[in-house]
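> make a model of this:
(2 chains)
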Amino acid sequence: MSLSKKNKFFITLLVLFSSIGIVIYTYTMRAPTTIENKKIDFIGSADELLLIILDHTEEWQDKIVVVSGEVTNKDDKGVMLSSKIYCQLKQTTELQKINLSNNISLKGRIIGYDDLLEELKLDQCIIQ
Amino acid sequence: MKKVVLVLILMASYSSIAQKYYTKTGNTQFKASVEAFEPVEATNKSTTAIINVTSGEIASLLFIKAFNFRVALMQEHFNENYMESSTYPKATFKGLISGFNISDISSSKKQYLLNGTLTVRGVKKEIETLASFSNKNGKLLMEASFSVQPEDFNIKIPRIVSDKIAGTINISLAYEFIEKK
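The predicted structure follows:
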């Protein structure tokens, strides 16, 4: 069975438009990039990070950092690094792997400097 | 020397009187969805809040960029076009819970009147709502909701999307406070 020229044309058109539609839909409805796949903007210790960003925290909003330090406190959502950086974990189940006063390294996103509690806040943290 | 002693006494008395509860990971959610369209809603799971349970004062702070959406593009538009979160990174609330008394809080919910000022995009708005409090495993739980309108904070919604975003935005809070030692 062979298709007529006209039918072939319509089928090609249909395939073309539906694929364009699918591309547009997947682009507009895509989920936010996960922390694992984001580019790192800074690697270093908690004290180094604070020293660099403290006077201009606004510019560091949404930046991805890998920060290391001593775990000085722990609650059911995250950990405190070097008493100055609060890191909210992406998966709270990871907390079992972290012990107080251990040195750890976390990848996370800076969300800002919290002036109520006077600490830097990170979220979506994952253990490196 | 006298001054130092005085300061120390003041600090000691202050810390013993002012009992505070705080959270760093409070949930603040907003919904501006219109039926039949893609839901416009996001949750901020990193809200900081402090309650002084002696006076009933409450202060909270959240970062606009920490609102997580299901759709990346929506999150981008929210930050860049509507909230301008690079210019106004924070939203804050300062208020008072009328007649709050920590000893009245039990495992069943108790409602109090919450009054205060919400600051978003540098614009202040008075909020009055009911907040319910209860306790669970030594934590103080607070729930409240209120609604605002984009115009309250000079947020302009372009006509092309205005029928997909609700005119009234519902904000709900669920915070689990722990005692500050």
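> what is the burial count for the residue lying closest to residue B:150 once chain neighbours are set aside?
Among residues not flanking residue B:150 along the chain, residue B:157 sits closest, at 5.7 Å (CB to CB, 6 or more residues apart in numbering or on different chains). To be clear about C-beta, it is placed using only N, CA and C from the backbone, and glycine gets the same treatment. Neighbours of residue B:157 under the rule other CB atoms under 10 Å in any protein chain shown: 17.
> what of residue B:165?
Counted with other CB under 10 Å, residue B:165 comes out at 17.
> my guess is it contacts residue B:32, does it?
Yes. The pair residue B:165 / residue B:32 is scored as a contact, 5.2 Å apart, by CB atoms under 8 Å.
> give the residues shared as contacts by these two.
Shared between the contact lists of residue B:165 and residue B:32 (criterion: CB atoms under 8 Å, 6 or more residues apart in numbering or on different chains) are residues residue B:40.
> what is the burial count for residue B:118?
What residue B:118 shows, counting by other CB under 10 Å, is a neighbour count of 20.
> what residues does chain B have near chain A?
B:22, B:24-25, B:38, B:45-46, B:48-50, B:59-61, B:63, B:65-66, B:68-73, B:75, B:85-86, B:89-90, B:178 (CB under 8 Å from any CB of the partner chain).
> now list the buried members of those residues.
Burial by neighbour count, judged by 16 or more other CB atoms under 10 Å in any protein chain shown, picks out B:22, B:24-25, B:45-46, B:48-50, B:59-61, B:63, B:65-66, B:69, B:71, B:75, B:85, B:89-90 from the residues of chain B next to chain A.
> so which residue is dead centre in chain A?
residue A:35 (2.9 Å; CA atoms, centre = their mean).
> for that residue, list the residues it contacts.
Listed by CB under 8 Å, 6+ apart, the contact set of residue A:35 reads A:64, A:90, A:107-109, A:124-126.
> tell me the two of the residues you listed that are most distant?
In the contacts of residue A:35, two members sit farther apart than any others by CB to CB. They are A:64 and A:90, at 12.5 Å.
> which residues in chain B form helices?
Along chain B, counting by DSSP state H, helices occupy B:2-17, B:72-77, B:159-162.
> ok so, going back, neighbour count winner among residue A:64 and residue A:90?
residue A:90 (20 against 17).
> could you find the closest non-adjacent residue to the more buried one?
Using CB to CB, 6+ apart, the nearest residue to residue A:90 is residue A:124, at 4.7 Å.
> secondary structure element for the one you found?
For residue A:124, the element it lies in under DSSP states H and E is strand A:119-127.
> so in terms of bridging, what pairs with the residue nearest the centre of chain B?
Geometric centre of chain B, nearest residue: residue B:60, 5.2 Å, by CA atoms, centre = their mean. Applying DSSP bridges to residue B:60 gives these bridge partners: residue B:49, residue B:93.
> shouldn't it be in contact with residue B:49?
Yes. With contact defined as CB under 8 Å, residue B:60 and residue B:49 form a contacting pair (3.7 Å).
> between these two, what contacts are shared?
With CB under 8 Å, 6+ apart as the test, residue B:60 and residue B:49 both reach A:116, B:26, B:175.
> show me which of those are buried.
Among the shared contacts of residue B:60 and residue B:49, those buried by neighbour count (16+ other CB under 10 Å) are B:26, B:175.
> any idea which of the shared contacts of residue B:60 and residue B:49 is closest to residue B:103?
When the shared contacts of residue B:60 and residue B:49 are compared against residue B:103 (criterion: CB to CB), the nearest one is residue B:175, at 19.7 Å.
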